[in-house]
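Peer 1: here you go, sequence then predicted model.
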Amino acid sequence: MLLFSSPSDVQLDNFLAGAAKSRFSYAEVGATLKEAPSSYNVDHNRVLLGKGEALFHQAALAVRDWKMFDLGWVRIHPSAPPIRTDENVAVIARWCNVYFVNACRIVGTIHEHVPIQRYGFVYGTLEDHAESGEERFTVEWDRHKDEVWYDILAFSRPHQFLSKIGYPLARRLQKSSPRNRK
């Protein structure tokens, strides 16, 4: 959905109601739980956050609260949806006062404890999304090294006509975001 003013909560709720009936816009659902398919543009970024169990829990809480979307030009609706499989979210991106509203669904959650403690989730694009693909957000705590890492793995390609035109700009914005810096 393309808008020339910020969407209201009612508009976004209606958009998500329609998205509930949508299918994923790609066949490789769940691929980022293992390895991203090479037929897409793939981004994999890892950032060492620091050390310690307390930092891991703080970072896991930030992922749970979707803080990676606090970038100024992108946000989600609802503002802090629960991290559970099949939960739908709207991703709202703004560029030059044009708003792009895209539908996504949580594919799966990650709660691992051995040998490395990991927390996170994967979400994928639905038919009402400008791109086609998936993104995984995780935090990891390696107890042996006492290191806490933030890890993002994503694959995507344009899905709709306008996104094919604007894809180079979208990729540049994504790569310049603090969440994607190594």
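Peer 2: Cool, the structure landed.
Peer 1: which residue is nearest the middle of this protein?
Peer 2: Geometric centre of the chain, nearest residue: E135, 4.9 Å, by CA atoms, centre = their mean.
Peer 1: residue contacts, the closest residue to that one other than its chain neighbours?
Peer 2: Leaving aside its sequence neighbours, E135 sits nearest to A154 (CB to CB, 6 or more residues apart in numbering; 4.0 Å). Backbone N, C-alpha and C define where each C-beta goes, glycine included. Residues in contact with A154 (CB atoms under 8 Å, 6 or more residues apart in numbering) are 32, 36, 42-44, 133-136.
Peer 1: strands - which of those residues land there?
Peer 2: If you go by DSSP state E, the contacts of A154 have 42-44, 133-136 in strands.
Peer 1: of those, buried ones?
Peer 2: The neighbour count (16 or more other CB atoms under 10 Å) marks 43, 133-136 as buried among the ones in strands among the contacts of A154.
Peer 1: dump the residues you listed to JSON lines, plus pLDDT and distance to L126.
Peer 2: Converted to JSON lines, those look like this (pLDDT from 0 to 100; distance: CB to CB, whole Å):
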{"residue": "D43", "pLDDT": "92", "distance to L126": "20"}
{"residue": "G133", "pLDDT": "97", "distance to L126": "11"}
{"residue": "E134", "pLDDT": "98", "distance to L126": "11"}
{"residue": "E135", "pLDDT": "97", "distance to L126": "13"}
{"residue": "R136", "pLDDT": "98", "distance to L126": "17"}
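Peer 1: and of these, the nearest to A54?
Peer 2: Nearest to A54 among these, counting by CB to CB, is R136 at 23.8 Å.
Peer 1: what's the spacing between the nearest residue to the closest one once chain neighbours are set aside and H77?
Peer 2: Nearest-residue entry for R136: T32, 3.8 Å, with adjacent residues in sequence omitted and distances by CB to CB, 6+ apart. To H77, T32 is 22 Å away according to CB to CB, to the nearest Å.
Peer 1: what about the nearest residue to D9 once chain neighbours are set aside, how many residues nearby?
Peer 2: Excluding the flanking residues, the one nearest D9 by CB to CB, 6+ apart is H77, at 7.3 Å. For H77, the tally of surrounding residues (other CB atoms under 10 Å) stands at 18.
Peer 1: touching, H77 and E87? I think so.
Peer 2: No. H77 lies out of contact with E87 (CB atoms under 8 Å); the separation is 12.0 Å.
Peer 1: if you average the pLDDT over the longest strand along the chain, what comes out?
Peer 2: In the chain, taking DSSP E as the definition, the longest strand is strand 98-112. The average pLDDT within strand 98-112 is 96.
Peer 1: distance from the chain centre to the helix or strand just after that strand, please.
Peer 2: The C-terminal neighbour of strand 98-112 among helices and strands, as given by DSSP states H and E, is strand 117-125. Mean-position distance between strand 117-125 and its chain equals 8 Å (CA atoms, centre = their mean, to the nearest Å).
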